[in-house]
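Asks: When you get a sec, could you give me coordinates for this:
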Amino acid sequence: MNNTYFFRRLQALARIMAQRSGCCTYFNIITAVLGTLGGWSAFGVFFFHFENQQAGIWAFVSGTFAATTLLIHILYLRHTLESWYTAENLAQIRLMGLLGLIAGLIGAGVYIGLAVSHDDGRPSMDNIATNHYFMLIWALLTLKWGASLFGFSHVYRRRLLEEYHPLLA
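Replies: Presented below is the predicted three-dimensional model:
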């Protein structure tokens, strides 16, 4: 099995998940709404109530990536993506998603190492301010939303290039 087969299958899956209408589109929008609300509300809870600033910042970043993903989903569904963004803008958004993916991956590796080296026990309400597993969870969610933003902005960019050609080419 070579890499081109894997990437073709991955692109086919991304095309199915990025259709303009249908249950997949609404599933993507609902999960992005939940990701946005969950990330931004967890920011307030972790940052201010539990005084776990690192988990709060990761939650805010995760919610921001989810909100950006939600925005491009809604714009694409309403056929207004091309009036808001150009193909170059979507390439920049794709780069932002890649940076979120890499940051989440590095953060997850660091927090796994810190949790093991500090011998953190199970996460509980008693150690919510100091346990590294809470930070790990939000780093993984940042990785997820960064990957989602990367993938969907890439698919929407390709569709934008296929569907809308300039009049003077």
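Asks: tell me, what residue is most central in the protein?
Replies: Trp145 (1.2 Å; CA atoms, centre = their mean).
Asks: For the residue nearest to Leu75 when sequence neighbours are not counted, give its distance to Ile72.
Replies: Nearest residue to Leu75, sequence neighbours excluded (CB to CB, 6 or more residues apart in numbering): Leu81, at 4.2 Å. Quick note: C-beta positions are derived from backbone N, CA and C, even for glycine. Distance, Leu81 to Ile72, by CB to CB, to the nearest Å: 7 Å.
Asks: Could you do Trp138 as well?
Replies: Distance of Trp138 to Ile72, computed by CB to CB: 22 Å.
Asks: what's near enough to touch the residue nearest to Leu75?
Replies: Neighbouring residues of Leu81 by CB atoms under 8 Å, 6 or more residues apart in numbering: Ile72, Leu75, Tyr156, Leu160.
Asks: still on that earlier bit, which residues do Leu81 and Ile72 both contact?
Replies: Tyr156.
Asks: by contact count, what packs against the helix or strand Gln92 falls within?
Replies: Element membership for Gln92 (DSSP states H and E) is helix 87-117. With contacts defined as 3 or more CB pairs under 8 Å, 6 or more residues apart in numbering; DSSP states H and E, the secondary structure elements packing on helix 87-117 are helix 53-77, helix 132-163.
Asks: Model confidence for the closest residue to Ile74 other than its chain neighbours, exactly?
Replies: Excluding the flanking residues, the one nearest Ile74 by CB to CB, 6+ apart is Ile29, at 6.8 Å. At Ile29, the model reports a pLDDT of 93.
Asks: Now do the helix or strand Ile29 falls within: distance to the chain's middle.
Replies: Taking DSSP H and E as the definition, Ile29 sits inside helix 23-44. Chain-centre distance of helix 23-44: 10 Å, with CA atoms, centre = their mean, to the nearest Å.
Asks: I am finished for the moment; much appreciated.
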